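>>> coords below, sequence missing:
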């Protein structure tokens, strides 16, 4: 709509509804209602994305990988603890003899099995 001076005035919902009502064809019903978010209630699945209603909607749901791992708990199992850690001096291990399986695996000439 234009008002004096060429300024564009936004059409209100009520004005649009009145225009739609006047332009309705015979037998056509025009329903006018506010379309504002403050009048909308969220569904259970919107309020709680992990609810049964949200998860059992027939669609595949990817795992939630944010947070403490995919399974939402400890990622490893523990079986007690070691009082004194074991130290292995890898420099004390001798080199593999030339031509041995260990030598071939180390050079990538053979797959370890």
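Thanks, I have it. For clarity, every value in this text was computed on a predicted model and none was experimentally measured.

>>> quick one: the strands in the protein?
In the chain, no strands are found when defined by DSSP state E.

>>> where does the protein dip in pLDDT?
Applying pLDDT under 70 to the chain flags the ranges 1-11, 34-37, 39, 63-78.

>>> Residue 47: neighbour count?
Neighbourhood size, residue 47 [other C-beta atoms under 10 Å]: 11. All C-beta spots, glycine's among them, are computed from the backbone N, C-alpha and C.

>>> what's the answer for the one 5 residues further on, then?
Here the count is done by other C-beta under 10 Å, and residue 52 has 10 residues near it.

>>> do the same with residue 101
When neighbours are counted by other C-beta under 10 Å, residue 101 registers 13.

>>> The closest residue to it other than its chain neighbours and residue 41, how far apart?
Spatial nearest neighbour of residue 101, chain neighbours left out: residue 110 (6.4 Å); criterion: C-beta to C-beta, 6 or more residues apart in numbering. Between residue 110 and residue 41 the computed distance is 67 Å (C-beta to C-beta, to the nearest Å).

>>> Which residue of the two possesses the greater neighbour count?
Ranked by neighbour count (other C-beta under 10 Å), residue 110 and residue 41 place residue 110 first, with 13 against 6.

>>> Please look at the more buried one and residue 99 and confirm they touch.
No: Residue 110 is beyond contact range of residue 99, at 10.9 Å (criterion: C-beta atoms under 8 Å).

>>> ok, residue 97 - contacts?
Contacts were defined as C-beta atoms under 8 Å, 6 or more residues apart in numbering; by that measure residue 97 touches residue 103.

>>> Would you map the helices across the protein?
Ranges of helices within the chain are 13-22, 44-47, 52-55, 101-107, based on DSSP state H.

>>> Which stretch among those helices approaches residue 80 most closely?
helix 101-107 (33.2 Å; C-beta to C-beta).

>>> Find the residue closest to residue 32 in space, skipping its chain neighbours.
Spatial nearest neighbour of residue 32, excluding adjacent residues (C-beta to C-beta, 6+ apart): residue 17 at 3.5 Å.

>>> What is the burial count for that neighbour?
When neighbours are counted by other C-beta under 10 Å, residue 17 comes out with 16.
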